[in-house]
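Enquirer: turn this into a structure:
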Amino acid sequence: PSLTSTTCATTRRKMAATAENHAMEGKGSGRHVMLALDESKYAEDVLRFCAENFAKIKGNKITFLYVYEYTPMTLLPGPGFVPAGQNVEDLNEDIRKHAIDKGTKILKHLGKKAQVLGFKPDDMKLLVGAPASNVKRAIVDYTKTEKADVLLCGSRGHCQ
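Expert: Sure thing, here's the model as predicted:
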């Protein structure tokens, strides 16, 4: 096995042991576990890990978090940037609505996958990744604001 897969397997075992220890000590009660999810296949690994290690602990609050980002159009000189008959504000509103619809569908889909794994999220949150910011910043800021105890997320598919 590669160093990355060995490291990931070790990390998984340590996290599972920590979750189990908290449950046995009664410290699991009341933990806020936040899952930062996307539409990648690795989101299923995060769901599975949560099902096995956190969802079964009574009192834990599970929150699914999806951050959508969209890039607003700007009116630049030259042809072809804004379709004829549509202004920039209307186009940007359409883009924003599409991003919200997509994020909502993804959260619902992941909620169904969680039910198959035997748990249901207590909350699902859809956030806007501001064009000047990024998805990571939105996740970190929201996690701090909500005072989550645990943040679970994938890492660009390195743990397979």
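Enquirer: shaky segments in this protein?
Expert: 1-29, 75-86, 130-133, 155-160 (pLDDT under 70).
Enquirer: try it again at 90.
Expert: Scanning the chain for pLDDT under 90 picks out 1-30, 38-42, 68-96, 99, 128-138, 153-160.
Enquirer: what about the helices in it?
Expert: Taking DSSP state H, the helices of the chain run over residues 3-24, 42-53, 88-116, 135-145.
Enquirer: Gly59: which of the ones you listed is closest?
Expert: Nearest of the helices of the chain to Gly59, taken as CB to CB: helix 3-24 at 9.7 Å. From N, CA and C alone the C-beta is placed, and that goes for glycine too.
Enquirer: hmm, who's touching stretch 121-128?
Expert: 35, 61-70, 99-100, 103-104, 107-108, 111, 114, 138-139, 142 (CB atoms under 8 Å, 6 or more residues apart in numbering).
Enquirer: and it, what's buried?
Expert: For stretch 121-128, the buried set under the neighbour-count rule, 16 or more other CB atoms under 10 Å, comprises 121, 124, 126-127.
Enquirer: stretch 101-119 too?
Expert: For stretch 101-119, by 16+ other CB under 10 Å, it's 103, 106-107, 110, 114, 119.
Enquirer: Leu151 contacts His32, correct?
Expert: No: at 9.6 Å, Leu151 does not count as touching His32 under the criterion of CB atoms under 8 Å.
Enquirer: report the angle between the strand ranked longest in the chain and helix 88-116.
Expert: Assignment by DSSP state E gives strand 61-69 as the longest strand of the chain. On the basis of axes from the mean of the first three to the mean of the last three CA atoms, to 10 degrees, strand 61-69 is oriented at 150 degrees to helix 88-116.
Enquirer: what helices or strands is strand 61-69 leaning on?
Expert: If you count contacts as 3 or more CB pairs under 8 Å, 6 or more residues apart in numbering; DSSP states H and E, strand 61-69 packs onto strand 32-36, helix 88-116, strand 123-129, helix 135-145.
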